[in-house]
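[1] After the sequence you'll find the predicted model.
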Amino acid sequence: MSTLIKTIRTNASLQLAILSIVVLLWPYIIPFIGGYDGLAIEMVIFAIFAMGFNILLGYTGILSFGHAAFFGLAGYSMGLILIHLKIPILLGMLFGIAVSTVTAILIGLLIIRKTGIYFAMLTIAFGQMFFFIASRWKNFTGGEDGLTGIPRDVIGIPGLFSIPIFEPLHFYYFIAVVFIIAAIVKYKLIHSHFGQVLKTIRENETRAQMVGYNVRRYKLSSFIISAIYASVAGTLYGLFLNYMFPQTLDWIRSGDVVIMTLVGGMGTFFGPIIGAGVIVALRVLISIYAKIEGMVFWQFFMGIIFLFFVLFFPRGIWGFFQKRE
Amino acid sequence: MEILETKELCKNFGSLEAVNRVGFKLEKGELRSIIGPNGAGKTTFFNLLTGMLAPSSGDILFKGESIAGLPPHQVAKRGIGRSFQITSIFPQLTVYENILIPSMLYYSKNEAINRTWEILGDVDLKDKVNVIAANLSHGDQRHLDIGIALTTKPELLLLDEPTSGMPPEESIRTVKLIQRLKAEKGYTIILIEHKMDIVLSVSDRITVLHLGEKIAEGTPNEIQASDEVQKAYLGGLDKEYRMVNNRQRKVAGNDQEILTMEKVNTFYGESHVLRDVSMKVREGEIVALLGRNGAGKTTTLRSILGLTPARSGSIQFGKERIEALPPETVANKGISLVPAGRRIFANLNLMENLELPFFMKGIDSKQKRSQIEQIFNYFPALLERKTHKGNRLSGGEQQMLAIGRALVGNVKFMMLDEPSQGLAPMVVKHLGEIIQEINKEGVTILLVEQNALMALELADRVYVMDKGEIVYEGKPEDLWADKKLHQELLGV
C-alpha cells in the first residue's frame, strides 16, 4: 500500500490519469453524496476557474479581486454573439474567450506595475466597471434580468461532426474534456521554466529581477493566462445555465474563487480543484439544508468555513495532507 | 582595460546627496573594496550600478558601453551579478531550485544543471541541495545569496557585506570563498564590507566613500595610513576635533547606576549577536556606545528595551530587573528610544507625529500642552513646520522630531541610535548641543554612533563594541589620545 502511495506521489502522469478518471466517473459518484449532474457540472467549471486563478495567486503571488470580470465578460460575449448571429457554439466560445483575453491584456498592461493591495484594489475597480455595464445597459445585456436564451444544442463543426450537449450528462462530458485539457496544460505550464520563474517572483520579486528576468512581463503573462482560464470557465457557465446574470461579474464572485484557491491550498496543483469542488458542494448543500426561518444563510456559514481554514489550515486542504518537504 | 567606469555619478534623494560626483574605475580581474561609514552611499552606489536606481546625473560604462538607467534585468544580462546586504534568496524553494531556475535563463537545460552543481560546489552547499532555503543557517543563506549572483554568468560581481551578521569563524569561510572566486574563477569583484580586517586582507585596492563622495582610493597600505580615512570613520565633521578638556559639566549628583547590564547574550534566530555584554550607565551621564556597522550596538539597545530579549544575562534599570519585561512595560518605566532612521510617520504632519505618543501614553491635555511647549523650546525650528507632512521634513528636522517624540512622558533614560546618520556636519553640531541641553535637564543619555566624533565630544564615558563584544571602556579623551586604540574602531 505504501509503495503504491509512493508511486502515485512521484509519478506525475499517473496523478493526472487518476484525476481524469475521477472526473470522468464523477457523475456516477456524486449521487452518493447527495449531488446531481448539475452540481457536478458546476464543480468542474469552478475547478477550471480556480485552477487558472492559482497560477496567478498561488504561483506568482499576485492577488486579484477582479477575475470574475473575465469569467462574466467571456460568458456575456459568447451569449450575445450566439443569440444575435447564431454561429456554432465552439466559435461563440472562442469569441467570448478572445474578447475577455484582449480585455485582460489591456487591463494587465495598465495595472501590472502596481503591487499588493494597490493591485488588488485596481482589479476590484475594473471588475466593478464591467459589473455595472452588465447590470445597467438593459437593452444590450438584459440588465438585472440577465441575458437569457443562450443556446446549448450541439457542439461540432458543420459538415464534419456534431455532438448533442443539451442533456446535462452529455454537457458534463464536454466540460470534463475541457477540464482535462486545461489540467494538462496547467501541469505542463507550472513545471516549465516559465512556471519556475513565476515561483521565484512569488518568493522574491526583486531578486528575480536582479538575476535577469523581466519580471513585469512574466507577471503580465501570468495575469493573462489566469484570465483565459476564467474566460473558459465563464463560457461554460453561460452554456450550462443558458443565461448570464450581472452577479457573475461581481467582485463577490471574484472573492469566491480566492476562497476556493485558499481553502484547497494555493500554490499546489490539486488544491484549487478540490477547493472549488468543496466550496461549490457546500454552497449547494448548505442552501438546501441550512435555512433559518426559510431564509438561506449560505454566506454566514461560508464565512465560518473560511475563518476556520485560514486560522487552522492555512495551507489549505491539499497543503494539509501534502508531506512537508 | 577598465571593465567598469563611472563618470561624475550623482544620485540625490530630495536634498540628500547620497552619491555625489563619484568617478570610479575598475580593472578587469581586480578585487576592489568600498568602505565608508554608514550612510556613505555604498549601497546606493551598488543600486546605481545594477539599475535598481537611475542616476540623477553622470554615466556608468560597463565594458565601454553606457548602462546608466537600464532596468535591472538588462544590467544582469550584460554581466553584472550582485549579492545583497540583507539576505535575498527564494525562501520557499530548495537550494537546488534557487540556483537552477536563474541559471536556466543563461544556459540550456543540461548546461544549467551542470552549472548549478558547479556553483553549489563553489559556495559550499552541495550537501544541502534539497533543503528549503528558509531553513538554512544564516551563514549558508548568505552563501546561497552569493550563489544566486553567480548564476547570471557575471563578469563583474558585486558583493554587499557578504559577512554581515556572521560570527568571526564563519566569516573566515566566506572570506575564503571570495578569495577562491577571484583566484580560481577569475571574477572581477567589488566588495562592500565593514570588517576592516577582511577588507585589508582580500582587496587589491580600496575606495573610501564618505557622505556620498569619494574621499580616498589606494592600496590597503595607503588607505590604512591615510589620515583622511581615519577621520571619516572616527569623525564625520570636516573641522579638527576639539576635545573639551576641562569638562566642567557636573553630573547631576550621585554615582548611582541607572542601567546595569551583566553578561547579556542575544540572538537573532541562530545568529549569536551579543556576546557577554556588560555595561553600566550612571544617573545623569552621557555614555557613548561606538563601533562599526554590525558590531551589535543597535541590538544592545533592542535588548535593553525588550524588543529583542536577551537569551541570558541580566539588565537592571534603577533597582528593577527588566530583561524579561515586554517593551511597553520597559518604556513606561522611563526608557525611551530614538530609533535609527528616525521612523517618522511619513503621511502624518509634524504635530500629529508629536501628539501620537501623548495619546498612547494617556497623558492629560494640560500636561501635554506644557510638554509640547518644552519640546518646542528645545527645537524652535520645528515650530514653523507644524503642518508639514513627515516626508516633507528634512533629515535634520526629522531627527529633531524623533528626539522630541522620545521625550514624551516621564523619560529618565534616553537612547539615541545613530542620530547623526545622513546629516550634514552643521546639523550634527546643533544636534549635539541639544542633546547636551536635554541631558542637563536630568535625562541620562546612551548614544549609539558610528560617527564617533560627535559622540566623543559629548560623552562622559565611552564603550566600543566589535563583533558583538565590548572591546573598550574608558574616557573619550583617552580613546582619542591613543591613536592605536582608536584605530581599533577601524578594526585595523
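    Here it is on my side, so go on. Residues are numbered from 1 along each chain as shown, chains lettered A, B, ... in the order given.

[2] Tell me the secondary structure of residue B:313, please.
    When classified by DSSP: H, G, I helix; E, B strand; the rest coil, residue B:313 comes out as strand.

[3] I figured it was touching residue B:264, is that so?
    Yes: between residue B:313 and residue B:264 there is a contact under C-beta atoms under 8 Å: 3.6 Å. (C-beta placed from N, C-alpha, C; glycine too.)

[4] neighbour count winner among the two?
    residue B:264 (23 against 17; other C-beta atoms under 10 Å in any protein chain shown).

[5] Can you check my assumption that the more buried one lies in a strand?
    Yes: applying three-state DSSP, one finds residue B:264 inside a strand.

[6] pLDDT wise, what is it at?
    On pLDDT, residue B:264 comes in at 91.

[7] separation between it and residue A:149?
    77 Å (C-beta to C-beta, to the nearest Å).

[8] go on, residue A:53?
    As judged by C-beta to C-beta, residue A:53 and residue A:149 stand 29 Å apart.

[9] ditto for residue B:416
    The spacing between residue B:416 and residue A:149, counted by C-beta to C-beta, is 74 Å.

[10] swap in residue A:215?
    45 Å.

[11] How about residue B:49?
    Distance of residue B:49 to residue A:149, computed by C-beta to C-beta: 63 Å.

[12] Could you check which of those two has the larger neighbour count?
    residue B:49 (24 against 11).

[13] Got the confidence number for residue B:455?
    Residue B:455 is given a pLDDT of 81.

[14] Over in the stretch 351-492 of chain B, which residue gets nearest chain A? Let me know.
    residue B:391 (17.9 Å; C-beta to the nearest C-beta).

[15] Am I right that that residue is in a helix?
    Yes: counting by three-state DSSP, residue B:391 is part of a helix.

[16] okay, now it: neighbour count?
    Neighbour tally, residue B:391, other C-beta under 10 Å: 12.

[17] same check, this time on residue A:65
    By the criterion of other C-beta under 10 Å, residue A:65 has 22 neighbours.

[18] helix/strand/coil for it?
    At residue A:65 the chain is in coil, as set by three-state DSSP.

[19] isn't residue B:27 right next to residue B:5, touching?
    No: the pair residue B:27 and residue B:5 does not pass the contact test of C-beta under 8 Å, sitting 10.4 Å apart.

[20] which of these two has more neighbours?
    Each of residue B:27 and residue B:5 has its neighbours counted (other C-beta under 10 Å); residue B:5 has more, 16 against 13.

[21] My understanding was that that one contacts residue B:24; is that so?
    Yes: with contact defined as C-beta under 8 Å, residue B:5 reaches residue B:24; the gap is 6.8 Å.

[22] what do those two both touch?
    Contact criterion C-beta atoms under 8 Å, 6 or more residues apart in numbering or on different chains; no residue bridges residue B:5 and residue B:24 by contacting each.

[23] Name the residues that touch stretch B:371-389?
    Residues outside stretch B:371-389 that contact it (C-beta under 8 Å, 6+ apart) are B:346-351, B:354-355, B:358, B:363, B:393, B:397, B:400-401, B:403-404, B:407-408, B:434, B:437-438.
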